[in-house]
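**Q** compute the structure for the input listed below.
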Amino acid sequence: MYRILLAVTILLTTVQVYADEDKEKCTEVLSPGTFRCCKKASYNGGVTISIETLQQDESLKECFQQPGRPESCAREICIGNKKGFVTIDGKIDKAMLKMNIERDFKEQPVYGDILQNCVNGDVSKYGSDDMCDIMKLRQCFDLQFLKNCNEWDDEAPCTGTKDLIEKCSKLYS
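**A** Got it, this is the predicted structure:
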């Protein structure tokens, strides 16, 4: 009986370690730089949404003066605040978020995934406990956009990115 209990405990620990490692890989791949690996998106007229696109928005200029690395919530809080779906203290207003998503993505194929997984879903699973909610929300958005990529760059440093995005999508579903 003791051996069975020990074996089950070891098995569960091993499964948890693999799940944690997978989440760590997903956290690493769900970054703005990964969008460069998507040659053609199924949204936004085939153009991927990038940090550079957001930086060109005059209303968000001051947000990009906020620290982005090491990972900080300041930039995402500023962007969300300027767009009206995040309060100054970083709380997400789901009703305002939904209005923003409807305005910006209603006609895009990615709309349903964003609505289901990020607006109406549990974004807490998209990051570690010490990560702020707005960063988890960004991770959720990034995954939805990336899994809606139609054409991937398979050259280094993008090799294997498509497979990892598919794996992350299954992990978080």
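
**Q** this protein: strands as residue ranges?
**A** Using DSSP state E, the strands of the chain run over 38-41, 149-152.

**Q** burial of residue 37, as a residue count?
**A** Around residue 37 sit 22 other residues, with neighbours defined as other C-beta atoms under 10 Å. C-betas here are computed from N, CA, C, even on glycine.

**Q** so what's it up against?
**A** Under the criterion of C-beta atoms under 8 Å, 6 or more residues apart in numbering, the contact partners of residue 37 comprise 149, 152-153, 157-158, 161-162.

**Q** mind doing that once more with 10 Å?
**A** Taking C-beta atoms under 10 Å, 6 or more residues apart in numbering as the contact definition, residue 37 lies against 29, 48, 146, 149, 152-155, 157-162, 164-165.

**Q** winner for burial among the strands of the chain?
**A** The highest average neighbour count among these, using mean count of other C-beta atoms under 10 Å, belongs to strand 38-41 at a mean of 18.

**Q** for that strand, name the packing helices and strands.
**A** Using 3 or more C-beta pairs under 10 Å, 6 or more residues apart in numbering; DSSP states H and E as the contact definition, the elements that strand 38-41 packs against are helix 133-147, strand 149-152, helix 161-172.

**Q** so how far is residue 115 from the residue nearest to the spatial centre of the chain?
**A** In the chain, the residue lying closest to the centroid (C-alpha atoms, centre = their mean) is residue 139, at 1.8 Å. When distance is defined by C-beta to C-beta, to the nearest Å, residue 139 is 16 Å away from residue 115.

**Q** for the closest residue in space to residue 153 that isn't next to it in sequence, give me the pLDDT.
**A** With C-beta to C-beta, 6 or more residues apart in numbering as the measure, residue 37 is the residue that lies nearest to residue 153, at 5.0 Å, once sequence neighbours are left out. According to the model's per-residue confidence, residue 37 sits at a pLDDT of 90.

**Q** so who does residue 154 touch?
**A** So residue 154 contacts 37, 39, 160-162 (C-beta under 10 Å, 6+ apart).

**Q** isn't residue 34 up against residue 146?
**A** Yes: distance between residue 34 and residue 146: 6.3 Å, which falls inside the contact criterion (C-beta atoms under 10 Å).

**Q** when these two are compared, which one has more neighbours?
**A** For residue 34 versus residue 146, neighbours defined as other C-beta under 10 Å are more numerous around residue 146 (25 against 21).
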